[in-house]
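>>> Build me a model from this:
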Amino acid sequence: MIATTHPLRRTLCGLGIAAGLTAASVLGGGPAAAEPALEPTIASLAGYLDATMTTAADGRRPTAIADTGSASGSSSGSAGSRSSDAVGEGPEMSAYLPAFAYGLLHPDAAPPGANRWDCKPTAQHPRPVVLLHGTWLNAYDTFSYLSPRLAKAGYCVFTLNFGKSALLEGGGLGAVLPGRYGVGPMADSSRQVAAFIERVRAATGSDQVDIVGHSQGGTIANHYLKLEGGQGKVGKLVSFGATHHGTSLLGLATLGRMINNAGIDILGFYRPIIGAANVEQAIGSSFYTTLNATGDTVPGVDYTVVGSRYDEVMNPLDLAFLRPGPDATVANIALQDGCEQDVSDHLTMMYSPRATSIALRALDPEGSPTLACTFNPWFFGGGGSL
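Reported below is the predicted structural model:
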């Protein structure tokens with residue numbers, strides 16, 4: 001937690017200074033209409049200070065600098081969003097809760113079997129598999145169950161942590177905890193994924209990859225395919241609980257978008273709290289208008305789209321599903337079809353034996369034709385095992 005206290009202190013300090021300046025302007029008797037708008041952000045505070053600065057006798061005027069504390073990294077996007085490889089394989093987990101706990105202590109750990117850069121695809125599995133995590137998650141706590149099973153089946157598996165953004169960089173309160181990634185602007189994350197896939201293609205000698213994406217990861221894959229040069233470089237996209245058309249989050253995001261459309265920027269108000277990616281994933285956002293302007297799919301890709309009826313994030317279920325366009329195939333699958341005892345929610349879906357078997361069959365229908373069906377409890381996952 002030491003690494004997270006510094007951004008939090010800076011935010012509280014900035015908010016305190018902003019509040020103090022606002023109070024001072026009121027107590028000073030200045031007319032409210034003449035004061036610049038002051039929002040609880042460092043950039044707004046800098047603008048306020050600039051507006052109140054006076055020119056010195058020699059003609060110079062001091063200027064405030066809005067330092068967000070952003071650091072350089074393997075980013076392909078803005079200074080406020082970065083990506084990094086997942087390194088140092090962590091242990092295999094059978095349930096989300098212990099994986100989450102491990103991910104807090106080892107936020108950049110690789111899931112078992114992943115990022116073995118000397119792996120060479122075989123004739124049976126010629127395309128490496130790239131795993132993309134979701135919002136406020138990381139590569140390890142999302143894929144510590146699926147990744148080793150893919151590796152044992154003979155796939156070359158690769159993954160990264162994308163959309164890394166601190167609180168003051170727009171990542172929201174979730175970014176205060178270690179390993180809460182996928183919070184930066186999604187276009188930035190898509191460019192980071194694009195750069196990573198180029199590295200995977202170069203290392204493996206493969207023209208194409210397959211992608212398995214959870215939640216925002218499925219949407220990032222779609223953005224990469226449509227807007228970041230991914231068409232022709234992906235054979236199959238398998239998504240679980242993906243926010244392909246946005247999320248209503250039990251209706252809250254829908255309500256927020258309606259209020260926004262009425263002229264009150266309520267989602268903008270919550271952006272510093274929930275992060276850029278969450279605001280963009282609210283149903284009806286401009287991000288989705290652009291993403292789906294030409295349809296749900298791109299030619300030449302085989303899509304498998306999996307959703308759960310017990311998903312508290314992706315509801316209604318149809319929001320996760322895709323409509324096939326020209327020269328694309330889409331299989332929309334409800335996790336409970338033929339297996340009612342699997343009651344996985346949004347997070348535990350990635351620790352469901354049935355979900356894993358669906359992924360394996362989607363990637364290789366002949367080599368993994370059988371679907372598992374076991375009890376997978378809501379919230380705990382992993383067949384009830386911790």
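>>> Doesn't Leu319 lie inside a helix?
Yes. Counting by DSSP: H, G, I helix; E, B strand; the rest coil, Leu319 is found in a helix.
>>> Could you check how far Asn161 is from Val129?
17 Å (Cβ to Cβ, to the nearest Å). To be clear about C-beta, it is placed using only N, CA and C from the backbone, and glycine gets the same treatment.
>>> Same check on Asp342?
Counting by Cβ to Cβ - Asp342 and Val129 are separated by 23 Å.
>>> can you give me the end-to-end distance of stretch 369-382?
21 Å (Cα to Cα, to the nearest Å).
>>> how far is it from where the chain is centred?
Stretch 369-382 sits 24 Å away from the centroid of its parent chain (Cα atoms, centre = their mean, to the nearest Å).
>>> can you list contacts of it?
93-97, 145, 310, 338-339, 341-345, 347-354, 356-358, 361, 383-384, 386 (Cβ atoms under 8 Å, 6 or more residues apart in numbering).
>>> Which of the residues you listed fall in helices?
The members of the contacts of stretch 369-382 that map onto helices under DSSP state H are Tyr96, Leu97, Pro353, Arg354, Thr356, Ser357, Ile358, Arg361.
>>> Which parts of the stretch 51-200 of the chain are strands?
With strands called from DSSP state E, counting those that start in this stretch, the stretch 51-200 of the chain shows them at 82-85, 129-132, 157-164.
>>> Most tightly packed of the ones you listed?
strand 157-164 (a mean of 29; mean count of other Cβ atoms under 10 Å).
>>> Can you name every helix or strand that that one contacts?
In terms of contacts (3 or more Cβ pairs under 8 Å, 6 or more residues apart in numbering; DSSP states H and E), strand 157-164 is packed against strand 82-85, strand 129-132, helix 139-143, helix 146-152, helix 186-204.
>>> Can you check the pLDDT for the residue lying closest to Gly338 once chain neighbours are set aside?
Leaving aside its sequence neighbours, Gly338 sits nearest to Cys373 (Cβ to Cβ, 6 or more residues apart in numbering; 6.9 Å). Cys373 is assigned 95 on the pLDDT scale.
>>> And the ones in helices among the contacts of stretch 369-382, which is closest to Asp296?
Ile358 (19.5 Å; Cβ to Cβ).
>>> Any idea what the nearest residue to that closest one once chain neighbours are set aside is bridged to?
Residue nearest to Ile358 in three dimensions, not counting chain neighbours: Val306, with 5.7 Å by Cβ to Cβ, 6+ apart. As for beta bridges, Val306 partners with Phe240, Ile333 under DSSP bridges.
>>> What of Leu160?
Beta-bridge partners of Leu160, as defined by DSSP bridges: Asp85.
>>> looking at it, it is touching Gln192, isn't it?
Yes. Counting by Cβ atoms under 8 Å, Leu160 does reach Gln192; the two are 7.3 Å apart.
>>> Residues in contact with both of the two, list them for me.
In contact with both Leu160 and Gln192: Ser83, using Cβ under 8 Å, 6+ apart.
>>> gap between Gly172 and Val183?
The span separating Gly172 from Val183 equals 6 Å under the rule Cβ to Cβ.
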